[in-house]
Each structure stands twice: as structure tokens, then as C-alpha cells.
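# Mind folding the following:
(one chain, ligands or ions: 4)
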Amino acid sequence: VLLLSRLAQRCSDPITGDLGGACDGLTANAPAQSCLAAQLASLAAGITPPTPTPTATPTPILPPPPPSDCGFPGPVVKPVVPGAEFDATLSPWRQTIPAGQSYEPSAANSSQMAHVAPSGPDRTVLAVREWTYPVYNIVGNAATDCPSTMQSRCFDQVTIEDVYLTRNWNPTGRAIRHVPVPAGIAVRPDPKADSTLVIVDWVHGIEYDFWGCLKYTDGTWKRVSWPTAQGGDGQPHLACQAGGKLYLRGTGINIIGPDTAKGSGLALSAGLVRPEELAPGGTIAHALHLTIAAPASGGPIPPANISDGVGPAYPAAPPEGARLQLRPNIWTDAVIDAQTWTDPEKKIARALRDYGAIIGDAGGSGSDVDLYAESPVYDPTMYDTIPGIDPAPATILFDQTFFTATNFQILLEQAQHGNNDDGSRDLDGDGMFDSFEIANGWFDRFESGSPANGSDDPDGDGLTNLQEQRCLYATWPEYLASWPGFAANPPFQYPCNPYNADTDHDSFGDAVELAAGTDPTDPCSHP
Ligand SMILES: [Ca+2]
Ligand SMILES: [Ca+2]
Ligand SMILES: [Ca+2]
Ligand SMILES: [Ca+2]
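Numbers count the residues shown, from 1 in each chain. Ligands and ions are numbered 1, 2, ... in the order given. Okay, here's the model as predicted:
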């Protein structure tokens with residue numbers, strides 16, 4: 001009861017970064033779910049989100065002229081491989097756990113694993129049709145860019161939309177600009193209250209994640225008008241409560257500060273199991289995303305960049321970002337093959353052994369451990385021919401004894417960094433926010449006393465890492481000027497990618513765009 005009441009409290013608490021991940025769940029979590037349902041119901045009823053009391057009279061953000069050339073259609077910048085959105089060398093999701101890794105001591109491991117599967121008839125749930133994430137793939141030519149198995153999920157016709165984010169509106173309306181939305185089809189977020197949606201723009205190498213998307217009663221993505229008094233243009237726009245933008249040539253970790261669709265800052269697509277991987281002949285070559293009821297409160301560790309954890313402090317409970325590994329000395333291929341498991345279970349077990357599972361969210365009923373498979377909203381038949389995947393919304397995997405300290409070891413945590421809700425902390429004083437450093441995978445370089453890397457230029461585009469972080473300061477002065485308190489506590493919008501000389505793949509390099517005053521993170525804005 002205490003846990004549920006705390007979940008409900010968190011859920012109704014409009015703190016930036018607490019994205020209501022506590023409202024996730026596949027089974028009864030009535031207080032938490034009902035509060036979020038009430039929020040969404042009020043929005044679905046056409047009520048304009050509440051207006052904050054302005055502390056100043058900001059200059060409204062006027063949308064720029066409509067983009068004339070966003071580069072669609074165009075060649076994709078990397079091959080379309082579901083489960084491999086992010087860079088193989090940069091993303092922790094795509095890296096196997098090396099031998100010789102350090103693990104939590106036995107007592108801490110036992111304590112943490114007890115919080116992974118805390119009580120009741122615990123079981124492992126693979127969310128397939130509800131409470132998971134649909135992925136819409138934007139390509140230049142669906143027929144040639146996408147594998148035959150992905151034709152129902154690939155789209156080469158788009159409309160360019162500004163998607164309003166209704167939860168973080170401070171102080172004027174906030175939006176993700178110029179999102180390519182599939183045209184000619186009814187775009188549907190996940191049907192449940194988290195109402196998530198992923199759009200991967202393979203043409204420009206950018207993923208757009210959304211949480212709490214508004215829906216019409218038929219389940220399609222809803223538009224609301226954003227009044228000019230709130231910084232909008234008065235026109236109807238697609239709307240979600242929160243969202244984020246990630247670069248495919250990157251880690252799959254959000255920069256905190258702009259916004260994020262998941263309470264840990266991790267990409268929605270990362271760790272998602274795909275139908276191609278579950279089908280006969282497929283393999284899962286990445287870590288899995290794991291939701292548990294009560295990750296440690298506060299204290300995310302990389303790769304998580306923020307936390308909505310509600311459990312006991314680490315090391316009693318594992319924090320968000322913790323990585324669990326199925327013990328490889330016990331679970332050899334021969335042992336896995338000898339189990340009476342389904343084929344998907346065996347594949348998932350191998351992935352849990354070789355890549356592990358990363359705790360990315362708080363949720364569930366308290367007796368579930370939740371893994372995620374790509375939602376088939378655009379093609380309900382997508383999983384029908386895969387043996388071992390139930391027609392039910394969720395497939396139950398393994399038994400109650402699986403997620404235990406006997407079977408799993410947790411990688412030793414780095415130091416606890418505490419929550420970093422606004423993303424503006426800079427522990428090593430090199431001018432780059434911890435959040436930006438974590439998002440770029442510099443997990444060991446943002447501590448105080450570690451070497452500064454603000455002056456480095458790994459992509460050789462002439463911009464130092466510090467300049468990459470600050471690139472948008474230069475390109476959106478009217479936005480920054482309208483932000484109360486900017487001088488004392490500067491917020492930031494999407495930084496440039498320090499691993500890509502042309503962050504948005506619009507053929508104009510980051511340094512060129514900065515010099516021209518266009519947005520290096522937006523393919524619709526260029527000289
Ligand atoms: Ca720093
Ligand atoms: Ca650079
Ligand atoms: Ca760059
Ligand atoms: Ca651009």
C-alpha cells in the first residue's frame with residue numbers, strides 16, 4: 001500500500017523528468033494508473049493543458065517559415081536494421097558484457113535481486129501488444145531501403161510536423177520541431193496510458209521518442225491547438241506530454257534538459273525486442289530494457305541519465321541504469337538448449353547472458369519483471385507466425401525462479417551521482433553538463449578530478465565538445481532571450497553531436513550551420 005501510494009504521488013507530481021514511468025504497468029496498479037488515466041482523459045476530452053502562471057512576459061516563439069527542403073525523400077544514412085538503431089561502438093546497448101567485469105558483492109547482489117523480483121507470483125512479462133513501444137521507420141524508399149519483413153513498418157511519405165509537448169511548457173509552448181510523421185496512414189501510439197510512439201528518421205539519422213501522446217477515441221494521434229498566449233501559433237498540432245530527440249550515430253541516451261520520453265533518459269527503441277529477432281533464425285544482438293517495480297530512489301548510474309526510481313537507496317535496490325547479467329558460468333548454450341523453454345525464451349536468455357538487461361524504468365504491479373517487444377500497432381498480425389509469442393497482449397516467459405540472485409549477477413555500479421533533473425550539473429567543471437557527457441558515453445570522464453574533454457573534437461568538424469553542447473545557443477537566440485532566468489541558469493535545447501560533423505545529415509556541416517545561423521540539429525533548417 002505504501003508503495004502504491006508513493007507511486008500515485010510520483011505520478012501526479014509534475015516534475016520535469018519524472019515522466020510518470022511509475023504509471024507503467026501491465027497488471028493492477030490502480031492508484032498510479034488511475035491518476036495518469038485521469039490526466040490523459042482530461043487531455044483527451046479536448047481540454048487545453050493547464051497554463052502556467054508566467055513569471056515574466058516572454059516574447060512568444062514565432063515559428064519560422066515552413067521548411068522548403070527537409071531532404072525527403074533521400075538516401076538513408078545507415079542500413080535499416082531493427083534493434084541496431086544506435087552506433088555499435090558508441091551505444092552500451094549494442095556491446096556485449098566483457099569477461100573480467102566487476103560485479104556487485106554477493107550480499108548486495110542478493111539484496112538487489114530481491115528488489116528485482118520483490119514479492120508475489122513474480123514472473124517475466126514480455127509486453128508485446130500493450131504497454132510497449134511502436135516504431136515507425138521513415139526511409140527514402142520503403143521498397144528498397146527496408147527488409148521484406150519490415151514493409152508494414154517503413155514509410156517513405158511524410159508530413160513535417162511540430163509536435164507539442166504538453167508537460168514541459170515552461171514558460172511558453174514547447175515543441176519538437178519538424179518531425180517527419182508518416183503520411184497516408186493513421187498513426188497510432190501504444191493503446192495504453194503511457195501512449196508511447198517512436199519515429200526513426202533513417203534518412204537523417206534521428207530518432208524521435210514520445211510519451212503520453214494524446215489520442216482520439218479511435219486510438220489515433222490527436223491534435224490540439226496551442227494558443228498564441230502560450231507561445232503557440234494557434235494552429236492544431238500533434239501533441240504528447242513529453243518527448244526527446246536522439247542521434248542514431250550515438251549512444252541511445254538522451255540529453256536531460258530538453259526533455260525525455262522515458263524517466264531514465266534512455267531511448268524508447270533501445271532494448272526493444274523485435275519480431276525479426278524472435279522469429280525462427282533470428283538472434284537478439286543487444287541488451288534488453290528491463291522495468292522493475294522499485295529501482296533505487298534517486299541515484300541513476302550510466303547509461304541512465306536521470307531516475308524515476310521509488311525504491312530503497314542503492315545498494316539495497318538496484319538503481320536505474322543497473323545492468324543485470326544471466327550468469328554465463330551456469331547458463332551455457334548447452335544448459336539453455338536443454339530447458340523446456342520456447343524458442344523466444346531461449347533467445348532472450350542468450351541475450352540476457354551476452355548483453356544483459358538494463359533497468360530503464362519503474363513500473364509494473366510489483367510482482368512482474370517487464371521486458372518489451374516492438375508494438376505491432378500498424379500490423380496486428382506481425383507476431384502471429386512466431387512460435388512462442390502469445391496472441392495475448394503480453395507473453396509470459398520463464399517461471400518464478402528465473403530472475404533471482406542464483407541466476408543473475410549485477411555489474412558493479414559506478415559512484416552514485418544523485419538525480420540531475422534539470423541536466424545542468426557539471427561535476428568536473430569543464431563547462432559540459434554531466435548529462436551531455438553521459439549522453440555521449442563519457443561515463444568515466446565527468447567526475448571531479450577526471451580529465452576534462454571539453455576541448456576535444458572527436459569528429460574533426462572544428463567544433464570542440466563544449467561548442468557542440470552549446471551549438472543551439474547560437475542558433476535560437478530569440479528562444480533563449482525569452483526564457484526567464486536564462487542568464488542565471490541557462491537551459492539548453494538539443495546540442496550537436498560530437499561524433500558527427502553533420503549532426504542532422506542535411507549536407508551542411510555543424511560548423512557551417514553555426515556560422516550561417518541555421519539549426520545544426522534540424523534537417524529542415526539549413527543555409
Ligand atoms: Ca563536465
Ligand atoms: Ca566536434
Ligand atoms: Ca559535430
Ligand atoms: Ca540543419
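# and the closest residue to ligand 3 within the stretch 1-150 of the chain, what is it in contact with?
Nearest to ligand 3 in the stretch 1-150 of the chain, going by C-beta to the ion, is residue 90, at a distance of 13.3 Å. C-beta coordinates here come from the backbone N, C-alpha and C atoms, glycine included. Shown in contact with residue 90 (C-beta atoms under 8 Å, 6 or more residues apart in numbering): 249-251, 440-441, 499.
# These into JSON lines, with extra columns for distance to residue 165, secondary structure and pLDDT?
Output for the contacts of residue 90, formatted as JSON lines (distance: C-beta to C-beta, whole Å; DSSP: H, G, I helix; E, B strand; the rest coil; pLDDT from 0 to 100):
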{"residue": "249", "distance to residue 165": "24", "secondary structure": "coil", "pLDDT": "97"}
{"residue": "250", "distance to residue 165": "21", "secondary structure": "coil", "pLDDT": "97"}
{"residue": "251", "distance to residue 165": "22", "secondary structure": "coil", "pLDDT": "97"}
{"residue": "440", "distance to residue 165": "23", "secondary structure": "coil", "pLDDT": "95"}
{"residue": "441", "distance to residue 165": "26", "secondary structure": "coil", "pLDDT": "92"}
{"residue": "499", "distance to residue 165": "26", "secondary structure": "coil", "pLDDT": "97"}
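# wait, is residue 512 part of a helix?
Yes - counting by DSSP: H, G, I helix; E, B strand; the rest coil, residue 512 falls inside a helix.
# Excluding chain neighbours, what is closest to it?
Counting by C-beta to C-beta, 6 or more residues apart in numbering, residue 527 is the residue found nearest to residue 512 once chain neighbours are left out, at 6.7 Å.
# neighbours around the one you found, how many?
Residues within reach of residue 527, counting by other C-beta atoms under 10 Å, total 10.
# So which of the contacts of residue 90 is surrounded by the most neighbours?
In terms of neighbours by other C-beta under 10 Å, those top out with residue 251 at 28 neighbours.
# where does that one fall, phi/psi-wise?
When read as degrees, to the nearest 10, the backbone of residue 251 gives phi -90, psi -20.
# what does residue 101 give?
phi -60, psi 150.
# Flag the shaky bits of the protein, pLDDT-wise.
Counting by pLDDT under 70, the ranges of the chain that qualify are 1-68, 118-122, 168-173, 227-232, 365-366, 414-416, 419-422, 472-493.
# ok, 50 please
Within the chain, the stretches with pLDDT under 50 are 1-65, 171-172, 476, 478-492.
# And the helices in it, which stretches?
Counting by DSSP state H, one finds helices in the chain at the ranges 2-11, 30-44, 106-116, 142-145, 275-278, 333-338, 343-354, 434-439, 465-469, 471-475, 477-481, 510-516.
# what sits against residue 386?
Here residue 386 is in contact with 275, 278-280, 344 (C-beta under 8 Å, 6+ apart).
# For PyMOL, write a command that selects the buried ones of these.
Burial among the contacts of residue 386 is assessed by 16 or more other C-beta atoms under 10 Å; the matching PyMOL selection reads:
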select buried, resi 275+278+279+344
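# Closest residue of the stretch 301-450 of the chain to ligand 2?
Per C-beta to the ion, residue 440 is where the stretch 301-450 of the chain lies closest to ligand 2, at 10.9 Å.
# quick one, phi psi at the closest residue in space to that residue that isn't next to it in sequence?
Spatially, and ignoring its direct neighbours in sequence, residue 440 is nearest to residue 498 (5.8 Å; C-beta to C-beta, 6+ apart). Taking degrees, to the nearest 10, you get phi -70, psi -10 for the backbone angles of residue 498.
# My guess is residue 498 contacts residue 459. True?
Yes - with contact defined as C-beta atoms under 8 Å, residue 498 counts as touching residue 459 (6.1 Å).
# The residue nearest to residue 440: neighbour count?
Counted with other C-beta under 10 Å, residues neighbouring residue 498 total 30.
# where does it sit relative to ligand 3, distance-wise?
6 Å (C-beta to the ion, to the nearest Å).
# One more: residue 382?
From residue 382 to ligand 3 the distance is 36 Å (C-beta to the ion).
# show me the contacts for that residue.
For residue 382, the contact set (C-beta under 8 Å, 6+ apart) comprises 152, 275, 376.
# mind running it again at 10 Å?
For residue 382, the contacting residues are 128-129, 149-150, 152-153, 274-276, 279, 373-376, 389, by C-beta atoms under 10 Å, 6 or more residues apart in numbering.
# Can you flag the buried ones in these?
128-129, 150, 153, 274-276, 279, 373-376, 389.
# what's the closest of those residues to ligand 4?
Minimum distance to ligand 4 across the buried ones among the contacts of residue 382 is 26.4 Å, recorded for residue 153 (C-beta to the ion).
# check contacts around the closest one.
80, 82, 134-137, 142, 146-147, 182, 200, 274-275, 374, 376-379, 382.
# Could I have the ChimeraX command that selects the buried members from these?
Of those, the buried ones go into a single ChimeraX selection, burial set by 16+ other C-beta under 10 Å:
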select :80,82,134,135,136,137,142,146,182,200,274,275,374,376,377,378,382
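# In strands, which of the contacts of residue 153 fall?
Judged by DSSP state E, strands contain the following of those: 135-137, 182, 200.
# I'd like to know how far the closest residue to residue 279 other than its chain neighbours sits from residue 148.
Distances taken as C-beta to C-beta, 6+ apart put residue 386 closest to residue 279, at 5.2 Å, once the chain neighbours are dropped. Distance of residue 386 to residue 148, given as C-beta to C-beta, to the nearest Å: 16 Å.
# now residue 429
Note on residue 429: its distance to residue 148, by C-beta to C-beta, is 52 Å.
# and if you look at residue 471?
Taking C-beta to C-beta, one finds residue 471 at 39 Å from residue 148.
# if you count what's nearby, which of these two comes out ahead?
Taking neighbours as other C-beta under 10 Å, residue 471 and residue 148 compare with residue 471 leading, 25 against 6.
# ok, the spatially closest residue to that one that is not a sequence neighbour - how many residues close by?
Nearest residue to residue 471, sequence neighbours excluded (C-beta to C-beta, 6+ apart): residue 496, at 4.0 Å. Residue 496 has 30 neighbours, counted by other C-beta under 10 Å.
# Residue 496 against residue 522, yeah?
No - the pair residue 496 / residue 522 is not scored as a contact, 11.0 Å apart, by C-beta atoms under 10 Å.
# ok, the closest residue to ligand 1 within the stretch 201-350 of the chain - contacts?
The stretch 201-350 of the chain approaches ligand 1 most closely through residue 255 (12.7 Å), counting by C-beta to the ion. Contact analysis of residue 255 by C-beta under 10 Å, 6+ apart lists 244-247, 265, 305, 423, 433, 435-440, 469, 492-495.
# Distance check, the closest residue to residue 282 other than its chain neighbours against residue 150.
Nearest residue to residue 282, sequence neighbours excluded (C-beta to C-beta, 6+ apart): residue 276, at 5.2 Å. According to C-beta to C-beta, residue 276 stands 8 Å off from residue 150.
# where do the contact lists of those two overlap?
81-82, 382.
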